[in-house]
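J.: below are the sequence and a predicted model; questions follow.
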Amino acid sequence: MSEYDVIIVGGGPAGLAAALYTARMDLKTAVLDRGPLGGQLLNTELVEDYPGFESILGSDLAMKMGEHARKFGVDIRDFEPVKEIDLEADTQIKVVRLESGEELRAPALIMAAGGLPRYLEVPGEKEFWGRGVSYCAVCDGAFFKGQELAVIGGGDAAVEEGDFLTRYASKVYIIHRRGGLRAQPILVDRAEANPKIEFILDAHVKEIVGGEKVQTIRYEQHGETKQLEVGGVFIFIGFVPNSKLFKVHVDHDEGGYIVTDRNMQTSIEGVWAVGDVRAQLTKQIATAVGDGTTAAVAASLYITALKDGART
Ligand code: NAP
C-alpha cells in the first residue's frame, strides 16, 4: 500500500497540470495512467490553439507536460490501469485499487481520466477494428497511403482529423448524419478548401463490409442505400467519459460527465474532476489545464485544512 497527499487518475493535460501544481505546493502526488502520458494529446497531430505554442505536435506537448511534472517530483506511473476508486467509510480516505492488485491511499483525489471514443455500433465496426476501422488518425493514418478513406462524424474531431488524413489518403469522404456540421467554421473552411475532401451529408452509415480488411461502407442518404469503396473507416463521433471507476456514487449528467462546482469539487468531499471527464462547455487543452490548476489549489487548501484540524 502506498500513501500520498493527492492521487491523480489520468495523465493528460488536466492531470499533468494538476500534478505540477500539487507537487510544487509540496504535496506528495501520484499520477496514474493506464497508457502513455498525454491523453487526447496523443490523438492530435498538430496543436495550434494552446497559447504560447503557435504549432506543436500533440505528442511533443504531452512529453513536455510529463517532463515538467516529473521535474517537481511527481510519482508518475504510466501503463498503470486503475481498477476502482473507493472511499474508506470512517476516514473518507480515497482508496485507489490498481489492476496490478496494489492499493494507493490519499485524502485528496483528482479525477482526470478523460474518456473513450464513442462507437458507431453498426455491423462491421467491431469485426474490422484494427483491420481498417480506426479511432485515431495520428496513430493509423500512415497505414492508408494512397487509399480512399471514410471519416464518420461532423464535429471538430471528424473535420480536423479528416483534413489530417489527406496527408496519406488519395481522398477522404467525411460522412455526417445531418445537413449541417457541428465543427468550428475555421476547421470547416480548411477542409472545404482541401481538394481531397468530399462531404457527404444527411447520410447514415449502416454497415462496414470487407474481406480480410475493410472494403466498403454502406450508408443511407435521402431514402437510398449507397456505398463507397474505401480502404479504411475513421470514426470520430464523440466521446464517452471515463467516470465509471468510482465504486461510490458521484453526481454526473445524462452523458456520464462528472458535475463539479466552480472549484472542480465533485459531490464527494476531497474528490475533484477535471478535463474531459467533467461536464463543461468545451474540451480544449487550455481548459483542461485550467481545470487541473484550480483543482490542485483547491486540493491543497483542503489538505491544509485537514492537517490544521488534526493539529487542533
Ligand atoms: P462532438 O463535438 O461531440 O461531435 C460528435 C459528432 O459526431 C457530431 O457531429 C455528432 O452528430 C456525430 N455523432 C454522434 N453520435 C453519432 C452516431 N451515433 N452516428 C453518427 N454520428 C454521430 O465530438 P468531437 O468532434 O469528438 O469533439 C469532442 C470535443 O473535443 C469537442 O468539445 C470539440 O470542440 C473538442 N475538439 C476540439 C478540437 C480543436 O479545437 N481543434 C479538435 C478535436 C476535438 P450531430 O452533430 O448530429 O450531433
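T.: Received the coordinates, thanks.

J.: so where's the stretch 151-300 of the chain uncertain?
T.: The model of the stretch 151-300 of the chain has no residue with pLDDT under 70.

J.: can you tell me the residue of it closest to the ligand?
T.: Gly155 (2.4 Å; CB to the nearest ligand atom). All C-beta atoms are positioned from the backbone trio N, CA, C, and that covers glycine.

J.: quick one, what contacts that residue?
T.: Listed by CB atoms under 8 Å, 6 or more residues apart in numbering, the contact partners of Gly155 are Leu181, Arg182, Ala183, Phe236, Ile237, Gly238.

J.: the fifth one: what's it in contact with?
T.: Taking CB under 8 Å, 6+ apart as the contact definition, Ile237 lies against Pro117, Arg118, Leu120, Ile152, Gly153, Gly155, Ala158.

J.: wait, is it part of a strand?
T.: No. Counting by DSSP: H, G, I helix; E, B strand; the rest coil, one finds Ile237 to be coil, located in no strand.

J.: quick check: chain neighbours aside, which residue is closest to it?
T.: Leaving out its chain neighbours, the residue that sits closest to Ile237 by CB to CB, 6 or more residues apart in numbering is Gly153, at 4.5 Å.

J.: top helix in the chain by residue count?
T.: Longest among the helix segments of the chain by residue count, using DSSP state H, is helix 285-311.

J.: roughly how far is that helix from the heart of the chain?
T.: When distances are taken as CA atoms, centre = their mean, to the nearest Å, helix 285-311 is centred 22 Å away from the chain's centroid.

J.: repeat for stretch 195-204
T.: For stretch 195-204, the distance to the chain centre is 25 Å (CA atoms, centre = their mean).

J.: what's in contact with it?
T.: Contacts for stretch 195-204 (CB under 8 Å, 6+ apart): 154, 162-163, 166, 169-181, 191-192, 219-222, 226.

J.: buried among those residues? Need that as a selection in ChimeraX.
T.: Buried residues within these, by 16 or more other CB atoms under 10 Å, are selected in ChimeraX with:
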select :154,162,163,166,169,171,172,173,174,175,176,177,181,191,219
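
J.: thought Asp78 was touching Gly35?
T.: Yes. Assessed by CB atoms under 8 Å, Asp78 is found in contact with Gly35 at 6.8 Å.

J.: which bits of the stretch 201-312 of the chain sit near the ligand?
T.: Phe236, Ile237, Gly238, Phe239, Thr282, Lys283 (CB under 6 Å from any ligand atom).

J.: mind picking the two most distant members of the residues you listed?
T.: Ile237 and Thr282 (17.2 Å; CB to CB).

J.: end-to-end on stretch 188-198?
T.: Taking CA to CA, to the nearest Å, stretch 188-198 runs 12 Å from one end to the other.

J.: tell me the buried residues in that stretch?
T.: Those would be Val188, Ala191, Lys196, Ile197, for stretch 188-198 by 16+ other CB under 10 Å.
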